[in-house]
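Enquirer: model this:
(one chain, ligands or ions: 1)
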Amino acid sequence: MKVGIVGSGDVGRALGTAFAATGHRVMLGTRNPRKKELKEWMAKTGPKAAVGTFADAAAFGDVVVIATLWSGTENAIKLADPKNLAGKTVIDVTNPLIFHENAPPTLALGFNDSAGEQVQRWLPKSKVVKAFNIVGNAHMFKPSFPGGPPDMFIAGNDAQAKATVTKILEEFGWPVTDLGGLEGARLMEPMCVLRVTYAMRKGTWDIAFKMLRK
Ligand SMILES: NC(=O)c1ccc[n+]([C@@H]2O[C@H](COP(=O)([O-])OP(=O)(O)OC[C@H]3O[C@@H](n4cnc5c(N)ncnc54)[C@H](OP(=O)(O)O)[C@@H]3O)[C@@H](O)[C@H]2O)c1
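Expert: Now for the predicted structure:
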């Protein structure tokens, strides 16, 4: 599969490395493809990895990941060009965060809306699936915890797109829990704030969520 990633930060690079490691071709998109750290990422990741503009990455991917700073996401999507994403499965990893000094972030929107739903409104012809936003980038691929693998929640309106994302998550080592329609993103995005609040209190980022069942 060809995967485009709109976003070249820690998440874009971590997921890009993971896609390449599982045999997919991947292109990271950025406003500045000449960045030194991206050249280094490409060299380290090998021949399956490429770097381009947001539009290059969006056009390249059969599946496209959105991994941008929330305040820049609308602009990144405009630069990527929604036409390049029409009909495609789009994995939204963003969290709509407002950052504060010496305190956990808060949500820029929530309760009756979510970043996932906003991304879907910006990309009306795409099939948006919320995933990966509940875990830190260091644990997005092959998460390994003493209590067994954590769970990844997903939410989206298109069953086929969710099946595609479920397959990717399983390749990456995640059991998947489907929350239903994309409005489930309203529940997943606060989980990021919960995670960061706990991480800042305890000084550890080696945490992830698990739903216990019997
Ligand atoms: N960090 C984590 O562990 C983690 C975990 C789960 C979810 N998330 C979420 O995933 C997203 C990406 O996080 P991140 O930590 O990788 O990095 P980030 O710093 O939140 O985002 C970096 C990306 O945003 C783009 N960007 C920033 N401002 C922009 C603007 N005005 N217009 C267009 N693009 C802009 C950057 O573009 P350039 O490439 O041009 O610099 C870069 O590609 C965020 O929404 C974050 O909340 C993060």
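Enquirer: helix, strand, or coil at Met27?
Expert: strand (DSSP: H, G, I helix; E, B strand; the rest coil).
Enquirer: quick one: the strands in the protein?
Expert: 2-6, 25-30, 49-53, 63-66, 89-92, 97-100, 103-107, 127-130, 152-156, 176-178 (DSSP state E).
Enquirer: the shortest one packs against which elements?
Expert: It stands for strand 176-178. strand 152-156, helix 159-171 (3 or more C-beta pairs under 8 Å, 6 or more residues apart in numbering; DSSP states H and E). Heads up, the C-betas are built off the backbone N, CA and C, glycines and all.
Enquirer: point out the residues in this protein that sit beside the ligand.
Expert: 7-12, 30-32, 67-70, 72, 75-76, 93-95, 97, 133, 136-137 (C-beta under 6 Å from any ligand atom).
Enquirer: one more time with 5 Å
Expert: Contact residues, the chain versus the ligand (C-beta under 5 Å from any ligand atom): 7-11, 30-31, 67-70, 72, 75-76, 93-95, 133, 136-137.
Enquirer: remind me, longest helix of the chain?
Expert: Across the chain, the helix with the greatest residue count (assigned by DSSP state H) is helix 185-202.
Enquirer: smallest gap between the chain and the ligand, at which residue?
Expert: Residue of the chain nearest the ligand, by C-beta to the nearest ligand atom: Gly72 (2.2 Å).
Enquirer: how about the contacts made by Lys125?
Expert: Pro82, Leu85, Ala86, Gly87 (C-beta atoms under 8 Å, 6 or more residues apart in numbering).
Enquirer: what's the first-to-last distance across stretch 199-209?
Expert: Using C-alpha to C-alpha, to the nearest Å, the end-to-end distance of stretch 199-209 comes to 13 Å.
Enquirer: how about it, which residues are buried there?
Expert: Residues of stretch 199-209 classed as buried: Trp205, Ile207, Ala208 (neighbour count, 16 or more other C-beta atoms under 10 Å).
Enquirer: turn the residues you listed into a markdown table, including pLDDT and distance to Gly181.
Expert: Below are the buried residues of stretch 199-209 laid out as a markdown table (pLDDT from 0 to 100; distance: C-beta to C-beta, whole Å):
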| residue | pLDDT | distance to Gly181 |
| --- | --- | --- |
| Trp205 | 97 | 30 |
| Ile207 | 98 | 27 |
| Ala208 | 98 | 24 |
